[in-house]
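Undergrad: Sequence and predicted model, in that order:
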Amino acid sequence: MPAASGYHGLMSHDSPSERAASTLVRLPVLDVPVTVPDGAFASTVAPASPANPAVALLDDTSFAHRYDAGATLGEGGMGVVRAAGDHRIGREVAMKTMRAADGARRDLVARFLREACVQGQLEHPAIVPVYDLGRDPEGAIYFTMKRVRGVTFEQIVARLRLNDPEALRQYSRRRLLSAFVSVCQAVEFAHARGVVHRDLKPANVMVGDFGEVYVLDWGVAKLVGTPDALVADRPSIISTADGGPRTMAGATMGTPGYMAPEQARGEPVDGRADVYSLGAILFELLCLQPLHGRTTVEAALGSTLLGADARASVRAPQMDVPPELEAMCVKATALDPAARFQSAQEVIDCLERFLDGDRDLERRRELAAQHTRSARQAALEALAEGQDEPAARTRALREVGRALALDPSNTEAIATLVRLLTLPPKELPAEAAAEIRSASARTQRAIAKGAMFGYLAWFLFVPFGVWMGVRDPVVSLVASALWAVAAVTAYVALRRPDGTGRVRTAAFLATSVAACATSAVCGPYVLVPTLAVINVILWLLLADRSQRATIVGLACLSILLPAVLEWTHLVRFYYFRDRRVTIVPSMLHFPAVPTHAFLLAASLMLVVLAAVLIIRFRDDLSEAERRLHLQAWQLKQLLPPEAHDASDGAR
């Protein structure tokens with residue numbers, strides 16, 4: 001006999017000699033010729049007589065003694081499955097029995113018997129073995145098979161959809177994908193032997209308690225190269241308990257929502273129809289929702305013929321499906337069979353590459369290119385005039401980050417990143433401004449305490465005043481009070497988080513007045529200028545632009561005011577005679593030894609205060625520079641080596 005026809009890749013594991021010939025055999029008990037590949041099936045029973053095709057094999061007088069029928073396990077388009085006890089072997093089996101109403105129809109009997117033969121001769125760990133074929137005392141045809149226990153993909157998905165904690169723990173994505181690989185291997189095994197399942201769906205895949213996987217219900221399986229014997233002129237549909245579609249028996253074989261488009265149109269199918277069903281199952285395992293909505297059979301068929309969007313990132317973005325698995329779903333469920341995976345083995349290879357960590361680089365590059373285009377557009381908006389720059393820049397940086405995460409060698413993404421990093425925003429983003437304010441507030445709180453103690457240092461010289469001799473107690477008390485007020489107001493003002501306002505101006509005015517009052521010791525040209533310089537440096541380092549002129553002006557007034565009083569002779573600080581300057585003491589006496597000690601201590605104290613102030617700010621600046629360079633170094637490490645020269649040149 002000539003070789004049975006197939007499709008590309010269907011029998012890729014058979015040798016040329018196995019594909020070169022086929023044998024015309026007859027199913028047991030029926031004169032129904034079926035062409036199958038040599039070695040795939042072997043008829044061990046002679047055909048029944050035309051007069052009574054069901055008698056030759058199906059008379060089983062020992063049925064009542066051998067089997068005890070138990071509870072119903074399930075029901076499909078070709079019969080009912082019940083648990084049964086096999087007393088001859090001493091084991092529990094599953095018994096599938098034809099419905100009594102279908103037993104008189106030769107086409108249904110033929111299909112039922114073909115299911116038993118196909119399933120029984122496909123010896124694979126993921127295909128339930130058939131033990132016996134016969135007819136019970138009521139005349140119903142049956143076959144027995146291994147009793148398998150477990151849960152179906154359909155039940156697992158339903159529990160995961162409800163966030164069942166036990167299901168989430170037991171059925172991780174990796175375990176489900178590993179089980180799905182076993183399903184694909186069983187399907188590839190069947191394809192290699194010329195059998196197309198045609199009814200693959202989550203309800204027909206069972207996962208056992210110990211990791212075993214089974215592909216169930218071969219009732220509408222097709223032998224490649226043989227015509228289908230139509231069960232009826234028009235298809236019939238058996239629905240689930242919840243109203244969803246089950247297997248259709250008739251001119252259109254399969255389950256709406258899982259069958260391939262060509263299968264739904266009633267066209268001849270090959271193994272690529274099973275590939276489509278595998279894609280629909282994979283989508284449901286990943287997204288926990290069917291590829292085609294479960295509303296009505298008509299809607300499912302319409303969605304199948306039109307094509308459903310199998311992109312998990314669109315249908316179920318919250319599931320965080322990797323792009324490689326999404327691409328597999330899209331390819332496997334393509335409307336055109338030529339655009340799908342051409343065999344179940346290709347699905348296996350692709351999925352195992354993913355499970356082994358070998359990511360699909362081409363797919364990653366495609367996604368990286370998409371993110372790069374989005375980043376480039378957002379960068380143009382960010383760098384253009386009159387745009388909402390911070391928002392556009394944020395979007396550009398996020399997109400370019402995604403692009404480089406997918407493809408670190410994408411030169412266009414690198415160029416966009418370097419451009420964004422080397423051209424800072426024209427406006428300070430709100431988040432950056434908030435961080436600056438927070439850092440400034442921390443610095444100000446530290447400086448506020450130091451400034452308070454610095455202004456209170458005036459009181460360290462009280463013992464010197466007593467030693468030198470107080471000339472005017474009132475002036476001494478006023479000066480001391482002014483320095484105390486200066487210390488308190490500076491502490492309060494510098495701790496304010498806003499850093500502006502009347503309190504800040506009032507505090508600097510108080511410190512300037514205190515410095516001005518110090519002229520009562522040695523006049524406006526001794527000690528006061530140094531105090532004014534230290535004071536103005538402190539406040540200029542903390543003030544904003546609007547306060548700078550006020551600070552400098554008040555600092556100058558702290559010297560100018562006593563100088564004007566001196567020039568107008570309202571207050572005398574100095575006498576100029578015989579080219580000599582005589583300081584007129586108004587607060588203290590100036591005996592030689594105490595005055596030398598006082599001037600030396602005051603000068604040293606002013607140097608120390610200035611040094612502490614500058615050191616503090618220099619340390620803060622150095623730390624800020626260190627953090628900046630460290631962050632720049634870390635950002636540079638994110639770039640591939642070929643981008644380092646570009647980033648160095650831009651800097």
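TA: The structure has been received and is ready for your questions. Owing to the predicted nature of the structure, the values given are computational and were not obtained by experimental measurement.

Undergrad: contacts, neighbours, all on C-alpha from now
TA: OK.

Undergrad: Any stretches of the stretch 51-200 of the chain with poor pLDDT?
TA: The model of the stretch 51-200 of the chain has pLDDT under 70 over residues 51-61, 77, 103-104.

Undergrad: got the CA coordinates for the longest strand along the chain in CSV?
TA: Longest strand in the chain by number of residues, with DSSP state E as the criterion: strand 67-76. Provided in CSV are the C-alpha atoms of strand 67-76 (Å, rounded to 0.1, in the frame of the first residue of the first chain):
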residue,chain,number,x,y,z
TYR,A,67,-15.9,-6.6,37.0
ASP,A,68,-17.8,-4.6,39.7
ALA,A,69,-18.9,-1.2,38.4
GLY,A,70,-18.4,1.7,40.7
ALA,A,71,-18.9,5.5,40.7
THR,A,72,-19.0,7.6,37.6
LEU,A,73,-15.6,9.3,37.0
GLY,A,74,-16.5,11.4,34.0
GLU,A,75,-18.6,11.7,30.8
GLY,A,76,-17.6,12.8,27.3
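
Undergrad: Show me what it pairs with in its sheet, parallel or antiparallel.
TA: Strand 67-76 pairs in its sheet with strand 79-86 (antiparallel), by DSSP bridges.

Undergrad: what about the partner strand, distance to the chain center?
TA: Chain-centre distance of strand 79-86: 46 Å, with C-alpha atoms, centre = their mean, to the nearest Å.

Undergrad: so where is this structure shaky, pLDDT-wise?
TA: In the chain, residues with pLDDT under 70: 1-61, 77, 103-104, 227-252, 358-362, 385-389, 426-428, 496-501, 634-651.

Undergrad: Which neighbouring elements make contact with the longest helix belonging to the chain?
TA: Taking DSSP state H as the criterion, the chain has its longest helix at helix 592-638. If you count contacts as 3 or more C-alpha pairs under 8 Å, 6 or more residues apart in numbering; DSSP states H and E, helix 592-638 packs onto helix 462-468, helix 528-542.

Undergrad: Name the residues of the longest strand of the chain that are buried.
TA: Under the neighbour-count criterion of 16 or more other C-alpha atoms under 10 Å, strand 67-76 has Tyr67, Gly76 buried.

Undergrad: can you give me the strands for the stretch 151-300 of the chain?
TA: 195-196, 205-208, 213-215, 222-223, 236-239, 245-249 (DSSP state E, counting those that start in this stretch).

Undergrad: Just to check, His371 is in contact with Val400?
TA: Yes: counting by C-alpha atoms under 8 Å, His371 touches Val400, with 6.4 Å between them.

Undergrad: Tell me which of the two has more neighbours.
TA: Using other C-alpha atoms under 10 Å, the more surrounded residue of His371 and Val400 is Val400, with 30 against 22.

Undergrad: tell me which element Gln119 falls in.
TA: Using DSSP states H and E, Gln119 sits in helix 106-121.

Undergrad: could you dump that helix to CSV, C-alpha only?
TA: In CSV, the C-alpha atoms belonging to helix 106-121 read as follows (Å, rounded to 0.1, in the frame of the first residue of the first chain):
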residue,chain,number,x,y,z
ARG,A,106,-22.2,1.5,13.3
ASP,A,107,-20.4,4.8,12.9
LEU,A,108,-20.4,5.5,16.6
VAL,A,109,-19.4,1.9,17.4
ALA,A,110,-16.6,2.3,14.9
ARG,A,111,-15.3,5.5,16.5
PHE,A,112,-15.6,4.0,20.0
LEU,A,113,-13.6,0.9,19.0
ARG,A,114,-11.0,3.0,17.1
GLU,A,115,-10.5,5.1,20.3
ALA,A,116,-9.8,1.9,22.2
CYS,A,117,-7.4,0.6,19.6
VAL,A,118,-5.6,3.9,19.1
GLN,A,119,-5.2,4.5,22.9
GLY,A,120,-4.3,0.9,23.5
GLN,A,121,-1.5,0.7,20.9
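
Undergrad: elements contacting it?
TA: Counting contacts by 3+ C-alpha pairs under 8 Å, 6+ apart, helix 106-121 is packed against strand 130-135.

Undergrad: Pairing partners for the strand it packs on, with directions?
TA: When DSSP bridges is applied, strand 130-135 pairs with strand 141-146 (antiparallel).

Undergrad: Now do the spatially most central residue of the chain against Asp356, distance only.
TA: Taking C-alpha atoms, centre = their mean, the centroid of the chain lies closest to Asp320, which sits 5.5 Å from it. Applying C-alpha to C-alpha, to the nearest Å, the value for Asp320 to Asp356 is 19 Å.

Undergrad: Equivalent analysis for Arg265, please.
TA: 38 Å.

Undergrad: so which of the helices and strands packed on helix 592-638 gets nearest Gln121?
TA: helix 528-542 (88.4 Å; C-alpha to C-alpha).

Undergrad: what's the angle from the helix or strand following the closest one to helix 528-542?
TA: Remark: after helix 528-542, the chain's next helix or strand is helix 548-567, criterion DSSP H and E. Relative orientation of helix 548-567 and helix 528-542, computed by axes from the mean of the first three to the mean of the last three C-alpha atoms, to 10 degrees: 170 degrees.

Undergrad: about what we covered before: my read is that the residue nearest to the centre of the chain contacts Glu326, right?
TA: No: counting by C-alpha under 8 Å, Asp320 does not reach Glu326; the two are 10.0 Å apart.

Undergrad: tell me, what's touching these two both at once?
TA: Ser313 (C-alpha atoms under 8 Å, 6 or more residues apart in numbering).

Undergrad: from the chain's centre, how far out does the longest helix of the chain sit?
TA: Put simply, helix 592-638 sits 46 Å off its chain's centre (C-alpha atoms, centre = their mean).

Undergrad: what's the neighbour count on the closest residue to His87 other than its chain neighbours?
TA: Excluding the flanking residues, the one nearest His87 by C-alpha to C-alpha, 6 or more residues apart in numbering is Arg66, at 5.1 Å. Applying other C-alpha under 10 Å, we find 15 residues neighbouring Arg66.
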